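Peer 1: got a predicted model here, sequence first, then my questions.
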Amino acid sequence: MKKLYEFNCGEAIRFEADSPEGIVSEMERIPSYNNSTGDALIRSKAEILSVYSGKPIRFDSAESFTDDLIALGMLREIE
């Protein structure tokens, strides 16, 4: 079952996903200067967002990446 998420790093973007991999897939659709996908997207976004937040963000898997974004308040599930 898909859940509604909000990704917010200055501009709130809402989307539905059913897994960490689904969240990454939805993030691939967000317009950006970087058109990478999959693991390359996770690594690139982790680097950019860690500079933005001043906190480390793991990029070894979609799950750890999204867990870190949730912990930092950049990604949240909308109920």
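Peer 2: Received it, and whenever you're ready, just let me know what you need. Residues are numbered from 1 along each chain as shown.

Peer 1: going forward, measure contacts between C-alpha atoms and count neighbours the same way
Peer 2: OK.

Peer 1: what's the span of stretch 29-36, first residue to last?
Peer 2: Distance across stretch 29-36, first residue to last, is 10 Å (C-alpha to C-alpha, to the nearest Å).

Peer 1: residue contacts, residue 53?
Peer 2: residue 72 (C-alpha atoms under 8 Å, 6 or more residues apart in numbering).

Peer 1: could you redo the last one with a cut-off of 10 Å?
Peer 2: Shown in contact with residue 53 (C-alpha atoms under 10 Å, 6 or more residues apart in numbering): 9, 69, 72-74.

Peer 1: just name the closest of these to residue 37, please.
Peer 2: Residue 37 lies nearest to residue 69 out of these, by C-alpha to C-alpha, at 17.6 Å.

Peer 1: please identify the helix or strand for the closest one.
Peer 2: helix 62-71 (DSSP states H and E).

Peer 1: in the host helix or strand of residue 44, which residues are buried?
Peer 2: Assigned by DSSP H and E, residue 44 falls within helix 38-53. For helix 38-53, a neighbour-count test (16 or more other C-alpha atoms under 10 Å) marks 41-47, 49-50 as buried.
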